[in-house]
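Student: A predicted structure for the sequence below; I have some questions about it.
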Amino acid sequence: MSNDTPQKVAIVTGASRGIGQAIAKKLASDGFHVALVARDQEKLVLVQKEIEADGGNANTHVCDLAQRGDFGALIDQLYADLGRIDVLVNNAGMTRDGLMLRMSDEDFEDVINVNLRSVFEGCRAAARPMMRGRFGRIINITSVTGLSGNAGQANYAAAKAGLVGLTKTIAKEFGSKGITANAIAPGFIETDMTAALGEEIRKGVEKSVPLRRYGQPEEIACAVSFLASDGGGYVTGQTLIVDGGLTC
Ligand code: NAI
């Protein structure tokens, strides 16, 4: 792709599976060139092939967000190669659950590092190219856990709550430059992350959620698509909860 491509560029982290994969496919079908970021090159290539088979454009980038500096350097490189960055979706995330009294410093710091620090790094790197283009959409995937807390997830809840504050701050610092920043807080969505919770929790959720089911990754992707679209241009600093009514 040349430096002057008219096609808008979206970066999606954690695009190898689950919610990130669905977001990447949706943004590609919306007409974005999608930079797919995750750790597993083989899985990323499968997603790229599916996007291309549907007539979309994507390329793959292996990056471990836990490594300080790597994500920022990747964004700099993408800007040099593609000439523009329009949308950044910080979707990648991890859990390392445990009750607080037993949670190690390492488990706390690792989750904060991947789920919050790397997002700061990515937003800071993407902000300059977005300012140059006088257009940008930053979308951070938080969680209802970041809004309400959750026993056994002190690290994850703190990181996800941090994303809400980070997102509002970006909205305030960069609004005058044409950049919006929003968060999406999913409830229980059917992915590998929730499969690990087991059948019992699933049954409990299905009883308590007003819509009586887990959400699908595509339902988060549609919310991202709206916030990235021209029609979403006056929404900034918000956290959109997509949880089947769990927290209402
Ligand atoms: P998942 O576990 O299926 O996928 C996570 C993705 O993040 C994978 O592509 C993985 O490779 C990537 N990733 C993790 N650590 C990484 C690292 N160090 N460097 C690069 N990539 C890394 O998760 P799922 O369910 O698709 O979740 C996506 C996002 O949505 C996460 O931020 C998660 O916290 C959030 N979320 C998910 C919910 C759910 O019910 N599935 C509920 C609320 C929030």
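Tutor: Structure received.
Student: Pull up the residues of this structure that are close to the ligand.
Tutor: Selection of the chain residues close to the ligand by Cβ under 6 Å from any ligand atom yields 13-14, 16-20, 38-39, 63-66, 91-94, 114, 141, 143, 186, 188-189, 191-194. Where C-beta positions appear, they are placed from N, C-alpha and C, glycine not excepted.
Student: from these, which ones fall inside helices?
Tutor: G18, I19, G20, D192, M193, T194 (DSSP state H).
Student: and those residues as JSON lines, adding pLDDT and neighbour count?
Tutor: JSON lines is the format used below for those (pLDDT from 0 to 100; neighbours: other Cβ atoms under 10 Å):
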{"residue": "G18", "pLDDT": "98", "neighbour count": "21"}
{"residue": "I19", "pLDDT": "98", "neighbour count": "29"}
{"residue": "G20", "pLDDT": "98", "neighbour count": "28"}
{"residue": "D192", "pLDDT": "93", "neighbour count": "8"}
{"residue": "M193", "pLDDT": "91", "neighbour count": "17"}
{"residue": "T194", "pLDDT": "92", "neighbour count": "18"}
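Student: Which residues does stretch 145-158 contact?
Tutor: Here stretch 145-158 makes contact (Cβ atoms under 8 Å, 6 or more residues apart in numbering) with 93, 95-100, 103, 107-108, 110-112, 115-116, 143, 159-164, 185, 239, 241, 247.
Student: First-to-last residue distance for that stretch?
Tutor: 9 Å (Cα to Cα, to the nearest Å).
Student: Now do the helices in this protein.
Tutor: According to DSSP H, the helices that the chain contains are 18-29, 41-53, 70-82, 105-112, 118-133, 144-148, 154-174, 192-195, 199-208, 217-228.
Student: right, so the ones you listed: which one is the most enclosed?
Tutor: helix 18-29 (a mean of 26; mean count of other Cβ atoms under 10 Å).
Student: residues contacting the closest residue to E190 other than its chain neighbours?
Tutor: Counting by Cβ to Cβ, 6 or more residues apart in numbering, E190 lies nearest to Y214, which is 4.4 Å off, once chain neighbours are set aside. Contacts for Y214 (Cβ under 8 Å, 6+ apart) come out as F188, I189, E190, T194, R202, V205, E206, G244.
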